[in-house]
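Student: Have a look at this fold, sequence not included:
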């Protein structure tokens, strides 16, 4: 195991050998982790390839590189892992430059972040693969790099990437070296205490300036073990990612654990037992570069005429026709943490939106899709996401990549209800039901108890913000589990949170309170009993089904008032008064009023009898009353996210 440091400036990077198939990177040092054996075999080839050469000759239809020249012991598969905005993409840019994969220019920023949403937000959403050719101590190595997201909402992307790797680079931000408060030595001690990695194994680098970055490539070769594979066995390939091309169909990213695959081979999917003929294989450099063949231990792409989006299952095993093998274990499926309804703005666009969602879910298999319908919005879907940022990014990609205009309803979390009668249990065919749509929340007489999802959250913060953060956690119904000082200035807090309390804006509030220094991560911790109620939102007495929400009984008034206030600020004024109410059953718990536009009907009256003025005002009031009964209130689509965001705690 080893560590590096720098922020595109000073970062701490930990490179850790890991067993294939682990779901998440470990946080403690594994004394039994494999070490790298020194290569003893002499290695000679008739042809050496470089990333620069492949790039230059790509436009001239060059000879396809012979991937058989790379023996298993000369292959390294690794990922870059870090918290959000710690410089993973910056480090990946420098590694691509050092290996000649891309030219050294000032414009090389987020080269592997290919999505428009990634460049606009400055985050990595989709893991990207790049095969690098690097010469070290007279030998040429094939380094397969996977740049992964850092936000907790995209941890599934990370877990899928790790299934194709034997080691990871852990990037730890240690601040800019030219600032007075930069203290790399202190960060090394923190790494040693939290991760149990000796501080003398940290390598200080500057990914932004390129300082000492080449030592990363050398350490990858020395510290990460080669893949444990068998090329003489029949083909066994793991599909760990996929994209959709409207002309070529599904492009599957595969990691070969056994055998080899080439164009013309007939392969079978272990998931659906369908047979396909391979049309193309190759590596990503970082763009697609076709090859004659892919061999065990290598990571690349495969195109085999898969046209249906359901055919390329993430975690599927591919093998040769007439050579069945034991499927690979794959990895744990994504578990949706947030649900929201999605509807087309115009119902005539339903089929186009359906096609767009299918194609996008192929590229993002962590999204779950269930058909749904609404009286107000028509036919649509109930989608499950890993978090609110995941939901916003998915919506933005629909708009940018497929020009789809959609309405997203209020996000909610999956609750459970324990049914009280045998009749209901027979009707639902189970005693405990899961509720992903608040409109289907059962009434209290039908259930024994309600259950809400909880998570174990970990907060690391400078100690001067501890008091404010503890107050924030208490306001979100959190229960403290542990508190530990990492060093003299940093504290690690562990809390059990109701998921509903953190899913919308907790992260923003935490960053605001800590001036951006606190970090937050969470993991599923099951369900617990809670006093939950269904809150209806009414506009002029009519329930807006899309704004129905489930809240804790003790916070019903606060949440209802917040939603009403935000709706008041969001809804456009009309020529009639709009009453916004939050109700639990028949009880109104909060109300706001949107004042109407009014014409000054007394403008033409200059003095005279007061009865003339009163007559004009009475006639205007009657017209407003009639208009309110028949007036149509349109809720802007961006209101469905804004209404649930609570005020930032000061």
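Tutor: Cool, the structure landed. Just so it is clear, the structure is predicted and the values come from calculations on it, not from any experiment. Residues are numbered from 1 along each chain as shown.
Student: Give me the sheet partners of the longest strand seen in the chain and which way each runs.
Tutor: Criterion DSSP state E: the longest strand present in the chain is strand 447-462. Note on strand 447-462: by DSSP bridges, its sheet partners are strand 415-419 (antiparallel), strand 490-498 (antiparallel), strand 519-530 (antiparallel).
Student: Report the buried residues of that strand.
Tutor: Judged by neighbour count (16 or more other CB atoms under 10 Å), strand 447-462 contains these buried residues: 447, 450-461. To be clear about C-beta, it is placed using only N, CA and C from the backbone, and glycine gets the same treatment.
Student: contact partners of stretch 289-298?
Tutor: By CB atoms under 8 Å, 6 or more residues apart in numbering, the surrounding residues in contact with stretch 289-298 are 54, 58, 64-68, 70, 72, 75, 77, 131, 142, 144, 226-227, 229-231, 233, 254-263, 280-283, 300, 302.
Student: Got a quick ChimeraX command for the buried subset of the residues you listed?
Tutor: Entered in ChimeraX, the line below selects the buried ones among these, by 16+ other CB under 10 Å:
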select :54,65,67,70,72,75,77,131,142,144,226,227,229,231,254,255,256,257,258,259,260,261,263,281,282,283,300,302
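Student: Rank the helices and strands of this protein by mean pLDDT and give me the bottom one.
Tutor: Across the helices and strands of the chain, mean confidence by mean pLDDT, DSSP states H and E is lowest for strand 2-6: a mean of 38.
Student: For residue 572, grab the count of nearby residues.
Tutor: 10 (other CB atoms under 10 Å).
Student: In the stretch 351-500 of the chain, mark out all the strands, start to finish.
Tutor: For the stretch 351-500 of the chain, applying DSSP state E, counting those that start in this stretch gives strands covering 368-374, 378-385, 406-408, 415-419, 432-435, 447-462, 479-485, 490-498.
Student: mean confidence for the first one?
Tutor: The average pLDDT within strand 368-374 is 84.
Student: Check residue 282 and give its pLDDT.
Tutor: For residue 282, the pLDDT comes out at 90.
Student: which secondary structure element contains residue 97?
Tutor: Using DSSP states H and E, residue 97 sits within helix 88-98.
Student: actually residue 159, not the one I wrote
Tutor: Going by DSSP H and E, residue 159 is in helix 155-162.
Student: Which element is encountered next along the chain beyond that helix?
Tutor: Once the chain leaves helix 155-162, the next helix or strand it forms, by DSSP H and E, is strand 167-173.
Student: which strands and helices sit next to that following strand?
Tutor: Helices and strands touching strand 167-173, as assessed by 3 or more CB pairs under 8 Å, 6 or more residues apart in numbering; DSSP states H and E, comprise strand 2-6, strand 10-17, strand 75-82, helix 88-98, helix 184-195, helix 214-223.
Student: which of these is buried the deepest?
Tutor: strand 2-6 (a mean of 28; mean count of other CB atoms under 10 Å).
Student: Could you list the low-pLDDT ranges of the stretch 251-400 of the chain?
Tutor: Within the stretch 251-400 of the chain, the stretches with pLDDT under 70 are 309-310, 330-334, 363, 375-376.
Student: residue boundaries of the helices in it?
Tutor: With DSSP state H, counting those that start in this stretch as the criterion, the stretch 251-400 of the chain has helices at 350-363, 388-402.
Student: Correct me if wrong: residue 493 contacts residue 479.
Tutor: No. Using CB atoms under 8 Å, residue 493 is not in contact with residue 479, being 11.6 Å away.
Student: So which of these two has more stuff around it?
Tutor: The neighbour comparison of residue 493 against residue 479 (other CB under 10 Å) goes to residue 493, with 21 against 13.
Student: Quick check: closest non-adjacent residue to the more buried one.
Tutor: Once flanking residues are discounted, residue 493 sits nearest to residue 459: 4.4 Å by CB to CB, 6 or more residues apart in numbering.
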